[in-house]
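S.K.: Build the 3D model from these lines:
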Amino acid sequence: MNSKFTWTAVAIVVAVACFFWWPRSTAIETARGADAVPSHAATTERALADEAPTSREPASSATVATPDPRAAAPRVAKSVGGRAVDLAARPIAGLRVEVEPENLARWEGDVFVCGADAVGIKPKLREALKLQPAMADEILRAFCGQCRDCVFAREVLTGQPVPRPSTVTDDAGIFELAFDGPASEPRFLDDTLCFVATAKCDDDASTHFVLAPSVRLAGDVVDASGAPLADVQLELGVLPELLTPPAQPPNSIDLEPIPSIQTDALGRFEFARAPGIRGQLLTAERWEPDGSFLHAQRTLDGGAQLDLHLVVDVQAPQRLGSIRGIVVDEHDAPIADAWVEFGQDAASSDERGEFVITLTTTPDPQRALTGILNHERAGRIADVGLELQTQRDLVGVRLVLAAASAPIRCRLIDERGALTEGWLVDLADPTPSGTSDTSLEGAMRGVTKLGLPVGADGRFELGGLLERSYRVRCWRRDSLVAIESEPVRPGESELVLRVPADAVAPRIAGRVVSIHGEPLANVTVRGELDTFENGNVRNFITRITNTDAQGRFEFLELARKLRLSTNGDDLEWRTSEIAPGADLENLTLVAAREMRVQVELAPSDPADRLSIVAGDGSARAIRIQTPEVTSYGHPRVRRTDGLFPMIVVPEDAATLILWRGDTELRRLQLALRWRELNVVGP
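M.R.: Numbering: from 1, shown residues only. This next block holds a predicted model:
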């Protein structure tokens, strides 16, 4: 009797288990697609072997992946911490902070995914997990250690929230949180504040978490007739400079992305919790089916605004012209399937050799029309860009594609006639093709990478050439030494290039100073060598160093003939060639510092424009800096909605002039500080 009862009980358990059993492969293929098998899926399947928990629910069963062999690694406690500060770098005390884990675990339909592992779970078992959270341990036991030991993965699996580690910032705004599980970020539990950026400062090793006041922004978007516009995307843009505290400017800032929103059917929008930062931009954009673009922008004052009214401008799609023609060979026979390019626009020739290119950008007068066929034929017309300056549409263009000329054969030796190694070679003056750093000759050779290695015997060959003269350039990446030939025609006798004995200087050093002679620290100094130029695209290789606290820099084993550049935060990019006969170990490079200025006027102030002059009274060009657009060379800057945009001016800017129209109102003397946001008021 007992034996029969035992076998009957076993049969019932097996039946219940089969009811809940859902093969893992079927679950994953159904929910994720058969080709989405995780990294641990190519392992044997197994069922949970432990006894079912005491519950009215049926016994649980699931198909899981074999454990990752790395699961035996010991758990390592982690921590996250730093200093919470406001927009003026003042510490925020008493702020509650908790851990916000990286979301490794998630549901994809009825498949639970954690890291690289997954398990299919039937809906009834998923409901059972909510009633018996301990069952989750059986499922997570088969996952890798990172997921198995993570309480947040258990939270996603069971739907039962677990407490996060939390703390409170001290009087200096400092906090530290220890936790187990995946990489995590701090979350600040104060609805009146918005986390906007992390910053690093030279005088403080801790990470600064910058928080701004939280404000509500709402309004509507309409067209010029006042009709509401739906599905317009709205974005908030914040410049790092708007977060720079005056007392201790950070050397790096990483902005926290602000999610974009869209207008509803009535054109309305709302940011329930937006950072309250004066000077940030609210942008509204929408592309239309006909290619036109709707755009509006508003500079915000940093407070709550519930009646924002944005009227979009419509930018109609521009038709910039076309090029119509035919592609032929040297015998005037049409060529089909040739690829014809003009800048970023291109087309293929049809069976009659005819092509039509519709221009989508303003024609560059220096741009040539080029064509190529199967790496076998190529050709160009040099003056097409110039003709498009006076004609909107070019017709009857005849592009001749010719077979490649004979190659140029060369040999590279040093001053003793010995073979050299480690050099690259290419044409110094190739034919530009398209808008990238490729050339027509490179396309003919089927090569997109610039620079071919010189052979072990110092010899090399350049093919895919047009019937014209070329200059050949050899260079080294380590020392930036370059050797260039005189013009040579394809097919001539072997060209020999010799490397001078003094091409490399043992040491090049000097100082970087401001226009006032002050040494500048943390300036990037680059040695630069051009390897390719295609219209407005220039390809160059570099060696990089940085100045020390006294503004000094040093390069070892670098080419004597070289271009040096200086740039960095709040520095204009400036380049200079090393002059012949210069003292290479005592160079002086003058860097152009840039000053950031925010002009703030009272709402009643009548000024609507500003300009900048130097100490000698000469005008200075102004750069306008916004989160989306940087524009250069402005003689005057307009005031919009009562606010001026942030501007960048040269360090010799001495006076700010305020205007109303063309009438000068008053002058403000400037005393600007580098790497700070200089706020200029009335």
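S.K.: just so I have it, where are all the helices in this structure?
M.R.: Taking DSSP state H as the test, the helices found in the chain are 2-20, 24-32, 123-131, 135-140, 145-148, 151-158, 384-387, 440-445.
S.K.: so what's V119 bridging to?
M.R.: Note on V119: beta-bridge partners by DSSP bridges are F112.
S.K.: And the lowest mean pLDDT element among the helices and strands of this structure?
M.R.: helix 24-32 (a mean of 34; mean pLDDT, DSSP states H and E).
S.K.: which one of the helices of the chain has the lowest average pLDDT?
M.R.: Comparing mean pLDDT across these, the weakest is helix 24-32, with a mean of 34.
S.K.: where are the low-confidence patches of the stretch 151-300 of the chain?
M.R.: 151-152, 180-184, 201-204, 240-252, 291 (pLDDT under 70).
S.K.: now swap in the stretch 451-600 of the chain and tell me
M.R.: Under the criterion pLDDT under 70, the flagged ranges of the stretch 451-600 of the chain are 533-537.
S.K.: if you go through it in chain order, where are the strands?
M.R.: 452-453, 459-462, 472-475, 482-484, 495-499, 504-513, 524-534, 537-546, 552-559, 563-568, 571-577, 587-590, 592-599 (DSSP state E, counting those that start in this stretch).
S.K.: To F175, which of those strands lies closest?
M.R.: For F175, the closest of the strands of the stretch 451-600 of the chain is strand 592-599, at 30.5 Å, according to Cβ to Cβ. All C-beta spots, glycine's among them, are computed from the backbone N, C-alpha and C.
S.K.: returning to that earlier point: let me know which of the strands of the stretch 451-600 of the chain is tucked in deepest.
M.R.: Among the strands of the stretch 451-600 of the chain, strand 472-475 has the highest mean neighbour count (mean count of other Cβ atoms under 10 Å), at a mean of 22.
S.K.: Direction included, what does it pair against?
M.R.: Sheet pairing of strand 472-475 (DSSP bridges) gives strand 424-427 (antiparallel), strand 482-484 (antiparallel).
S.K.: Can you say which of those is nearest to E554?
M.R.: In terms of Cβ to Cβ, the element of the strands paired with strand 472-475 nearest to E554 is strand 482-484, at 21.5 Å.
S.K.: Quick one: residues in contact with that closest one.
M.R.: For strand 482-484, the external contacting residues (Cβ atoms under 8 Å, 6 or more residues apart in numbering) are 412, 428, 471-476, 497-499, 503, 529, 559, 561.
S.K.: if I look at L677, how far off is I253?
M.R.: Counting by Cβ to Cβ, to the nearest Å, the gap from L677 to I253 is 12 Å.
S.K.: Also L558?
M.R.: 33 Å.
S.K.: cool, L234 as well?
M.R.: Counting by Cβ to Cβ, the gap from L234 to I253 is 23 Å.
S.K.: So what's the residue count around R471?
M.R.: Using other Cβ atoms under 10 Å, R471 has 13 neighbouring residues.
S.K.: quick one: it and V425 touch, right?
M.R.: No. Using Cβ atoms under 8 Å, R471 is not in contact with V425; the gap is 11.6 Å.
S.K.: I figured R380 hits F342, correct?
M.R.: No. Taking contacts as Cβ under 8 Å, R380 lies outside contact range of F342: 10.4 Å.
S.K.: circling back to that earlier point, would you convert the strands of the stretch 451-600 of the chain into CSV that also reports distance to G417?
M.R.: As requested, the strands of the stretch 451-600 of the chain are arranged in CSV below (distance: least, Cβ to Cβ, whole Å):
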stretch, distance to G417
strand 452-453, 21
strand 459-462, 14
strand 472-475, 16
strand 482-484, 15
strand 495-499, 8
strand 504-513, 18
strand 524-534, 25
strand 537-546, 27
strand 552-559, 22
strand 563-568, 30
strand 571-577, 30
strand 587-590, 33
strand 592-599, 46
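S.K.: Please identify which of those strands is closest to E108.
M.R.: Nearest of these (Cβ to Cβ): strand 537-546, 43.2 Å.
S.K.: helices or strands up against the longest strand along the chain?
M.R.: Looking across the chain with DSSP state E, the single longest strand is strand 204-222. Contact here means 3 or more Cβ pairs under 8 Å, 6 or more residues apart in numbering; DSSP states H and E; on that basis strand 204-222 packs against strand 78-85, strand 184-188, strand 193-201, strand 268-275, strand 305-311.
S.K.: Could you export those as JSON lines, including distance to V400?
M.R.: Output for the helices and strands packed on strand 204-222, formatted as JSON lines (distance: least, Cβ to Cβ, whole Å):
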{"stretch": "strand 78-85", "distance to V400": "66"}
{"stretch": "strand 184-188", "distance to V400": "61"}
{"stretch": "strand 193-201", "distance to V400": "58"}
{"stretch": "strand 268-275", "distance to V400": "57"}
{"stretch": "strand 305-311", "distance to V400": "53"}
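S.K.: export those to CSV and tack on distance to M646 and mean neighbour count?
M.R.: Listed next are those as CSV, based on distance: least, Cβ to Cβ, whole Å; neighbours: other Cβ atoms under 10 Å:
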stretch, distance to M646, mean neighbour count
strand 78-85, 21, 19
strand 184-188, 27, 18
strand 193-201, 16, 20
strand 268-275, 16, 18
strand 305-311, 20, 14
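S.K.: just so I know, which of these lies nearest P407?
M.R.: Across the helices and strands packed on strand 204-222, closest to P407 is strand 193-201 (Cβ to Cβ), at 53.4 Å.
S.K.: neighbouring strands for the closest one, and are they parallel or not?
M.R.: In the sheet, strand 193-201 lines up with strand 204-222 (antiparallel), strand 252-255 (antiparallel) (DSSP bridges).
S.K.: so the longest strand of the chain versus strand 305-311, what angle?
M.R.: Interaxial angle, strand 204-222 versus strand 305-311 (axes from the mean of the first three to the mean of the last three Cα atoms, to 10 degrees): 60 degrees.
S.K.: got the angle between strand 204-222 and strand 78-85?
M.R.: 70 degrees.
S.K.: and strand 204-222, how far out from the chain's middle?
M.R.: The chain centroid and the centroid of strand 204-222 are separated by 22 Å under Cα atoms, centre = their mean, to the nearest Å.
S.K.: which of the residues in it are buried?
M.R.: 208-215, 217, 219-222 (16 or more other Cβ atoms under 10 Å).
S.K.: Can I get that strand as PDB, trimmed to CA atoms?
M.R.: Extracted C-alpha coordinates of strand 204-222, given in PDB (Å, rounded to 0.1, in the frame of the first residue of the first chain):
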ATOM      1  CA  ASP A 204      40.000  68.100  -4.800                       C
ATOM      2  CA  ALA A 205      40.600  64.400  -5.600                       C
ATOM      3  CA  SER A 206      36.900  63.500  -5.000                       C
ATOM      4  CA  THR A 207      34.300  63.500  -7.800                       C
ATOM      5  CA  HIS A 208      31.900  66.500  -7.600                       C
ATOM      6  CA  PHE A 209      28.200  65.600  -8.300                       C
ATOM      7  CA  VAL A 210      26.700  68.900  -9.400                       C
ATOM      8  CA  LEU A 211      23.000  69.500  -8.600                       C
ATOM      9  CA  ALA A 212      20.800  72.300  -9.800                       C
ATOM     10  CA  PRO A 213      17.400  73.400  -8.500                       C
ATOM     11  CA  SER A 214      14.600  71.400 -10.000                       C
ATOM     12  CA  VAL A 215      12.000  73.400 -11.900                       C
ATOM     13  CA  ARG A 216       8.900  72.800 -13.900                       C
ATOM     14  CA  LEU A 217       8.800  73.900 -17.600                       C
ATOM     15  CA  ALA A 218       5.700  73.800 -19.600                       C
ATOM     16  CA  GLY A 219       4.200  75.500 -22.700                       C
ATOM     17  CA  ASP A 220       3.200  74.900 -26.300                       C
ATOM     18  CA  VAL A 221       4.600  74.900 -29.800                       C
ATOM     19  CA  VAL A 222       2.800  76.500 -32.700                       C
END
